[in-house]
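>>> Make a model of this:
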Amino acid sequence: ALKRRVAASVAILFASKLLSTSVPFLFKHAIDALAMAPLGSTAAVAAAVPTAVLVGYGAARVAASFTSELKSAMFANVARKAVVNTAVKTFRHLHELPLSFHLSRNTGALSRAIDRGQRGIEFTLRALVFNVFPTALEVALVCAVLSAKCGAGFATLAGGTVAAYSVFTIATTQWRTRFRKRMNAAENAAGNKAIDSLINYETVKYFNNEEFETRQYQKHLDDYGAEYSKAQTSLGALNFGQSAIFSVAMTAAMLMAAEDIVAGSMTVGDLVMVNGLLFQLSVPLNFLGSVYREVRQGIIDMEVLFGLLATKIGIAEDASRGDTPLPPLRLGGADPALRVTG
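Okay, the predicted model is just below:
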């Protein structure tokens, strides 16, 4: 049943991308049919063709949305099954480890490692299945369609735009990570200072340290505010750069299409189709930065979880200490009773 769900999810994924790629095509045919529709008494009859195409356009959009949501629903059980299996296996493995392992580890840290590892597995699977692989498939489909219908120049432009967008987003996201880390550290420090100071209220009052504690708390809040400002500024730079890359690409594509329309090798519908295909690519790529950041964190959490699974069972504690094991107790003779003397 699990394999059938995976196969069905992959099939629905392909169907969803094919439907979403066909939407700009239908829009193109509708516009071309309307542009060529004659005026006069035959206008009503001629309008039947573009009307039917427009109905198909709407149906394709609805079907693409439906298959996308259906794919998510079907894959939910698959991802959850993988997470549950790994969690149960880790839980069982921890019970099989020797006492020395548990005495040297923090139980709370183990619990957090298991929880974070579960979330990391689920998010990584979901990101790969619903973001990375579908986006790569859609880019390949769009480039193939543009190359076949409009020429290799359009396909090269689309591929180059996606590559530039991806490189810029990943590089900027890595640069922004330092601000997020420092911001989180300052927030944690401020929270710890507030809790620790209030818990030790009597000690603070006894040594008359209210102003010192307040200055320390304000310092952490100021550090948080400075890093938060940098994080927001860098986010604005990221959003602007992403928008600029796609805007330049779409403008270049429109100019190329306009030249071909004037030359007679393309129609107005082709221009709309090129615009729709490029705009469609920008939608999944908008989440590339957050997906990249979360997948990196998910992989780190998974490494911790799998490190627990890789811990060997049955550590020979006596051998590790270099002690000579005691011989087994043997009772013999005619009277094997134990006596306490003294």
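
>>> elements contacting the helix ranked longest in the chain?
Assignment by DSSP state H gives helix 210-263 as the longest helix of the chain. Packing contacts for helix 210-263, counted by 3 or more C-beta pairs under 8 Å, 6 or more residues apart in numbering; DSSP states H and E, involve helix 152-199, helix 268-285. Quick note: C-beta positions are derived from backbone N, CA and C, even for glycine.

>>> switch the cut-off to 10 Å
Here helix 210-263 touches helix 152-199, helix 201-206, helix 268-285, helix 288-310, going by 3 or more C-beta pairs under 10 Å, 6 or more residues apart in numbering; DSSP states H and E.

>>> Give me the average confidence score over the last one.
Read that as helix 288-310. The predicted model gives helix 288-310 an average pLDDT of 80.

>>> How about the third one?
The average of the pLDDT scores along helix 268-285 is 86.

>>> List the buried residues of that helix.
Judged by neighbour count using 16 or more other C-beta atoms under 10 Å, the buried positions of helix 268-285 are 269-278, 280-282, 284-285.

>>> again with the last one
Under the neighbour-count criterion of 16+ other C-beta under 10 Å, helix 288-310 has 288-289, 291-298, 301-302, 304-305, 308 buried.

>>> which ones are touching the residue lying closest to F123 once chain neighbours are set aside?
Of all residues not flanking F123 in the chain, G298 sits nearest, at 4.8 Å (C-beta to C-beta, 6 or more residues apart in numbering). By C-beta atoms under 10 Å, 6 or more residues apart in numbering, the contact set of G298 is 116-117, 119-127.

>>> what's the neighbour count on S9?
A total of 21 residues lie near S9 under the criterion other C-beta atoms under 10 Å.

>>> Quick one, grab the pLDDT at it.
74.

>>> ok, now T172?
T172 is given a pLDDT of 91.

>>> do F212 as well
So, for F212, pLDDT stands at 92.

>>> That one touches V204, doesn't it?
Yes: with contact defined as C-beta atoms under 10 Å, F212 reaches V204; the gap is 8.5 Å.

>>> between these two, who's got more neighbours?
Taking other C-beta under 10 Å, F212 and V204 do not tie; V204 has more neighbours (17 against 12).

>>> In contact with that one: list those residues for me.
196-198, 210, 212-214.

>>> Report the separation between it and R182.
According to C-beta to C-beta, to the nearest Å, V204 and R182 sit 27 Å apart.

>>> and if you look at K230?
8 Å.

>>> what does A249 give?
For A249, the distance to R182 (C-beta to C-beta) stands at 34 Å.

>>> More neighbours: these two, which one.
Legend: neighbour count by other C-beta under 10 Å for A249 and R182, higher for A249 (20 against 17).

>>> Any chance of the helices and strands packed on helix 210-263 in JSON lines with distance to L34 as columns?
Output for these, formatted as JSON lines (distance: least, C-beta to C-beta, whole Å):
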{"stretch": "helix 152-199", "distance to L34": "23"}
{"stretch": "helix 201-206", "distance to L34": "76"}
{"stretch": "helix 268-285", "distance to L34": "9"}
{"stretch": "helix 288-310", "distance to L34": "36"}
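
>>> List the residues that contact the residue lying closest to A189 once chain neighbours are set aside.
Beyond its immediate neighbours in the sequence, the residue positioned closest to A189 (C-beta to C-beta, 6+ apart) is H220, lying 4.5 Å away. Residues near H220 by C-beta under 10 Å, 6+ apart: 185-194.

>>> mind redoing it with 6 Å?
Listed by C-beta atoms under 6 Å, 6 or more residues apart in numbering, the contact partners of H220 are 186, 189-190, 193.

>>> do K193 as well
Applying C-beta under 6 Å, 6+ apart, the residues near K193 are 216-217, 220.

>>> ok, and the closest non-adjacent residue to it?
Y217 is the one closest to K193 (C-beta to C-beta, 6+ apart), at 5.0 Å.

>>> What about the one you found, how many residues nearby?
16.

>>> before we move on, what about the one 10 residues further on?
Neighbourhood size, E227 [other C-beta under 10 Å]: 20.

>>> just checking, it touches F179?
Yes: using C-beta atoms under 6 Å, E227 makes contact with F179 at a distance of 5.4 Å.

>>> Excluding chain neighbours, what is closest to H102?
That would be L94: by C-beta to C-beta, 6+ apart, it lies 7.9 Å from H102.

>>> Secondary structure element holding the one you found?
Per DSSP states H and E, L94 falls inside helix 48-96.

>>> avg pLDDT for that helix?
For helix 48-96, the per-residue pLDDT averages 77.

>>> next SSE after it?
That would be, after helix 48-96 and using DSSP H and E, helix 99-103.

>>> counting contacts, what elements does the very next helix or strand once past that following helix pack onto?
Remark: after helix 99-103, the chain's next helix or strand is helix 107-127, criterion DSSP H and E. Applying 3 or more C-beta pairs under 6 Å, 6 or more residues apart in numbering; DSSP states H and E, one finds that helix 107-127 contacts helix 48-96, helix 288-310.
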